[in-house]
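Peer 1: next one to model:
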Amino acid sequence: MKDETTQGGMMRGKGWGGWLLLLLVLAMPVRGQWVTQTLALKAGWNAVYLHVDPSHDTLEGLVGSDPANPVMEVWMWSPPVSTVQFVTSPQDPLPDNNQWRYWRRNTGDGSLGRLVGNTAYLVRVSADVPSYEWSIRGKPMVPAYNWTTTGLNFIGFPTAPGTGPTWEEFLAPAPELGLNAEIYQYAGGELGAGNPSRLYALRSARLKRGQAYWMRAGTVFNRYFAPFEVEMTGGKGLVFGDSLTAQNFRLRNLTTNVVTVTLNLVGSETPPTGQATIVGVPPLQLRGALNTTNLTYAYDTLPVGTARTVTLQAKGTPGSDVEVVLGLDRAAMTGAEGSLHAAVLRLTDSLGLSQVEAPVTARVATTSGLWVGTAEINRVECYLPAMEKLALQATPVDPVTPPVEGTLTPREELETNVARKFPIRLIVHNPGSGGQAKLLQQVFFGMDVWTNAVVTTSETVLAPAMLSQARRITTSNLPWRVGNAPWAFTGRLGETETLTTTVETGYEEHGSNPFLHTYHPDHDNLDATFKTQLSRGMESYGVRREITLRVVAPSGNVFVQGSGQKVSGWYKETIRLVGLARGGGTTDAREFQVSGPFTLTRISEVSSLTMP
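Peer 2: Take a look at the predicted model:
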């Protein structure tokens, strides 16, 4: 048989033995980002279609390193890009045929090194092995195929596992394709006039997942591979990385019927050797309808084993094309920074014709880098009489209950609402791993002389020629110190950490003590001769500030929590003024406590703080 086509042709062999069509994988367990597709192979040639991407390993690793694997050759059809080049079919599996890339076992030659998903292959099994189940582990892929109207297409379809629908049932939602399509399949045995053969019995022949077919439909362009189409940016599934909190994709109805798409999240299969360990399933939320009263979205959680549905109206009508938004509840993720959470999102249609799968991955966020934000002081412990306290507490202010389990400590119960919030700037640097977060009065970030991004306590580290692109951030809330040395917190900044540090200001520090006025004779901390420094408490007090940042993990609707580049919680500061020493070892001192909510935003991911 000869056939002139553009960009295509059905493969025939010369003395290669029988061409056999790969049977559908009867059992295709899907338990996570990694999916095992089991191919039921027979002696000779098999036509297969991969719905997973096993490109993490080479064919030598998948096949050649396993003595029990009888696969001898794998061929991938790679038609030329040009649409004006005509080729003659049948195509022969020969090395000089540039439409085919091949791999041969233990030969070291060939142009095919790895298998990729959404691709059809011809696989030859040793003649002395009647049957073999080849398990290939890879990442599931959303269907994607560039259909050509000028030749043959070597393709498979994401039908539901099991016996599969008949061709008539599967093509019923796409009648134009069903009327015009020429479908060819291999019947098994030796090649001859009837093998490969055209498929006419569409009412009884069943379409099988994992099986490859030759198809063409004349001038009919085909986008129908399932009753609904999934459109994902990049084609690599839903990748949240270590900072994103939301990802979206589109579902599009390709039929004239109302179709309900069911979403299921399935846990993770053990990754192949050498791949990242998966520590859990991403905690996802499905965004619902918008509440026009408060402009917030309803949401449903999407745990493993619980189905959610999306209804698609008939093709071409409002509601036939729907955006699906999934949020990631990062506060519910466990594991060390950078550890991987992964699963598979399985989508099926109400017609029972298809099953589409996409990987979902997220990494536990790292909090390293430079964080800048504001604490808003709205509660103060003071020494006012009771009646004055009650008057202040009745003053309308923003909600002030600390976002920590909705409770106040006994000391915080003594605090009073303020009539107007007082903002103070916070500058925190968090190291990459280990170590302690630093509280800074002043920080610089920009490029050094080697054009590396740096966060530093000194301007001298920055490249002089690039100072116009650098930034300095300062807070007047903390005392200036020679050398700009930071204050170390008790730990690292994290989702639910409580950090404390102590900021000391000596009573004699003219540069930062608020009780000292260098040029005022009553507040210069000198005696009447302006020569002898007075003792602490005579004109100036020592200041000891115990600062606590109590980080609170966000909860509830992730669609109103904002970016993963923010942390928030409750700021508390105990201010102790130290004065004269008294007899008996006591010291004049008075304490004040202030508190309020804080928010920090990461503005740089540089994990090291340069302190020359």
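
Peer 1: for the stretch 451-600 of the chain, what spans make up the strands?
Peer 2: Remark: strands assigned in the stretch 451-600 of the chain by DSSP state E, counting those that start in this stretch are 453-456, 471-474, 487-488, 498-505, 542-552, 566-581, 587-604.

Peer 1: tally of neighbours for Ser204?
Peer 2: 9 (other Cβ atoms under 10 Å). Any C-beta I mention is one placed from the backbone N, CA and C, and that applies to glycine too.

Peer 1: that one: what's its closest spatial neighbour, skipping adjacent residues?
Peer 2: Residue nearest to Ser204 in three dimensions, not counting chain neighbours: Thr166, with 6.3 Å by Cβ to Cβ, 6 or more residues apart in numbering.

Peer 1: isn't the one you found up against Leu202?
Peer 2: Yes. Look at Thr166 against Leu202 with Cβ atoms under 8 Å: they come within range, at 6.8 Å.

Peer 1: what stretches of the stretch 451-600 of the chain score poorly on pLDDT?
Peer 2: For the stretch 451-600 of the chain, the stretches with pLDDT under 70 are 556, 560-564, 583-586.

Peer 1: mind redoing it with 80?
Peer 2: Scanning the stretch 451-600 of the chain for pLDDT under 80 picks out the ranges 495-496, 518, 521-522, 527-529, 535, 537, 553-557, 559-564, 581-589.

Peer 1: next one, pLDDT for Asp242 please.
Peer 2: Here, the pLDDT recorded for Asp242 equals 86.

Peer 1: same thing with Pro227?
Peer 2: Model confidence at Pro227, given as pLDDT, is 94.

Peer 1: from here on, call the first residue 39.
Peer 2: Fine by me, first position is 39 from now on; the one you just mentioned is Pro265.

Peer 1: list the contacts of it.
Peer 2: Applying Cβ atoms under 8 Å, 6 or more residues apart in numbering to Pro265 gives the contacts Pro211, Asn291, Leu292, Thr293, Asn295, Val297, Asp387, Leu389, Leu391, Ser392.

Peer 1: so the fifth one is in which element?
Peer 2: Take DSSP states H and E as the rule and Asn295 turns out to sit in neither a helix nor a strand.

Peer 1: find the nearest non-adjacent residue to it, please.
Peer 2: Ala352 is the one closest to Asn295 (Cβ to Cβ, 6+ apart), at 6.2 Å.

Peer 1: tell me the centre residue of the protein?
Peer 2: Most central in the chain under Cα atoms, centre = their mean is Phe278, positioned 1.1 Å from the mean C-alpha point.

Peer 1: surely that one and Thr399 touch.
Peer 2: Yes. At 6.8 Å, Phe278 counts as touching Thr399 under the criterion of Cβ under 8 Å.

Peer 1: which residues do the two both contact?
Peer 2: By Cβ under 8 Å, 6+ apart, the residues touching both Phe278 and Thr399 are Pro320.

Peer 1: off-centre distance for stretch 605-617?
Peer 2: Computed by Cα atoms, centre = their mean, to the nearest Å, the chain-centroid distance of stretch 605-617 equals 36 Å.

Peer 1: actually stretch 86-99, not the one I typed
Peer 2: 24 Å.

Peer 1: for that stretch, buried residues please.
Peer 2: Val86, Tyr87, Leu88, His89, Val90, Asp91, Pro92, His94, Asp95, Thr96, Leu97 (16 or more other Cβ atoms under 10 Å).

Peer 1: contacts only, for the first one.
Peer 2: Going back to what we said before, that points to Val86. Leu60, Leu77, Ala158, Tyr159, Leu160, Val161, Gly194, Gly248, Gln249, Ala250.

Peer 1: give me the lowest-pLDDT entry from these.
Peer 2: Where pLDDT dips furthest among these: Leu60, at 37.

Peer 1: show me the contacts of Pro265 that map onto strands.
Peer 2: Of these, the ones assigned to strands by DSSP state E are Asn291, Val297, Asp387.

Peer 1: quick one: contacts for the second one?
Peer 2: If I follow you right, that is Val297. Pro265, Phe266, Asn291, Thr349, Leu350, Asp387, Ser388, Leu389.

Peer 1: same question, Arg574
Peer 2: Applying Cβ under 8 Å, 6+ apart to Arg574 gives the contacts Tyr545, Glu546, Gly580, Val616, Gly617, Leu618, Ala619.

Peer 1: check the secondary structure at the residue lying closest to Met179 once chain neighbours are set aside for me.
Peer 2: Leaving out its chain neighbours, the residue that sits closest to Met179 by Cβ to Cβ, 6+ apart is Gly155, at 4.0 Å. Gly155 carries the three-state label coil when classified by DSSP: H, G, I helix; E, B strand; the rest coil.

Peer 1: one more: Glu207?
Peer 2: Secondary structure assignment for Glu207 (three-state DSSP): helix.

Peer 1: how about the ones in strands among the contacts of Pro265 in TSV, adding distance to Phe259 and pLDDT?
Peer 2: Below are those laid out as TSV (distance: Cβ to Cβ, whole Å; pLDDT from 0 to 100):
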residue	distance to Phe259	pLDDT
Asn291	18	95
Val297	21	96
Asp387	22	96
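
Peer 1: distance to Thr145 added to those residues, as JSON lines?
Peer 2: Converted to JSON lines, the ones in strands among the contacts of Pro265 look like this (distance: Cβ to Cβ, whole Å):
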{"residue": "Asn291", "distance to Thr145": "48"}
{"residue": "Val297", "distance to Thr145": "48"}
{"residue": "Asp387", "distance to Thr145": "44"}
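
Peer 1: going by distance to His558, which of those residues wins?
Peer 2: Among those, Asn291 lies closest to His558 (Cβ to Cβ), at 78.8 Å.

Peer 1: so what's the residue count around that closest one?
Peer 2: Residues near Asn291, counting by other Cβ under 10 Å, number 25.

Peer 1: re earlier: burial measure for the residue nearest to Met179, as a count.
Peer 2: The burial count assigned to Gly155 is 22, neighbours taken as other Cβ under 10 Å.

Peer 1: what is the least confident helix or strand in this protein?
Peer 2: Lowest on mean pLDDT, DSSP states H and E among the helices and strands of the chain sits strand 41-44, with a mean of 34.

Peer 1: quick one: pLDDT of the residue nearest to Ser242?
Peer 2: With respect to pLDDT, Thr204 scores 94.

Peer 1: how many neighbours does it have?
Peer 2: 16.

Peer 1: again, but for Tyr609
Peer 2: If you count neighbours by other Cβ under 10 Å, Tyr609 ends up with 23.

Peer 1: quick one: residues contacting it.
Peer 2: So Tyr609 contacts Ala413, Ile415, Leu464, Ile585, Thr586, Leu587, Arg588, Ser633, Gly634, Pro635, Phe636 (Cβ under 8 Å, 6+ apart).

Peer 1: got it, and Leu237?
Peer 2: Trp205, Ile221, Tyr222, Gln223, Ala243, Tyr251.

Peer 1: give me that answer again for 7 Å
Peer 2: Residues counted as contacts of Leu237 (Cβ atoms under 7 Å, 6 or more residues apart in numbering) are Trp205, Ile221, Tyr222, Gln223, Ala243.

Peer 1: ditto for Gly575
Peer 2: Gly617, Leu618, Asp626 are the contacts of Gly575 under Cβ under 7 Å, 6+ apart.

Peer 1: that one and Gly529: what is the separation?
Peer 2: 34 Å (Cβ to Cβ, to the nearest Å).

Peer 1: next one: Leu150
Peer 2: From Leu150 to Gly529 the distance is 52 Å (Cβ to Cβ).

Peer 1: tell me what the residue lying closest to Phe597 once chain neighbours are set aside is bridged to.
Peer 2: Among residues not flanking Phe597 along the chain, Tyr335 sits closest, at 4.7 Å (Cβ to Cβ, 6+ apart). With DSSP bridges as the criterion, Tyr335 is bridged to Leu328.

Peer 1: I figured Tyr335 hits Gln323, correct?
Peer 2: No. Assessed by Cβ atoms under 7 Å, Tyr335 is found out of contact with Gln323, at 9.5 Å.
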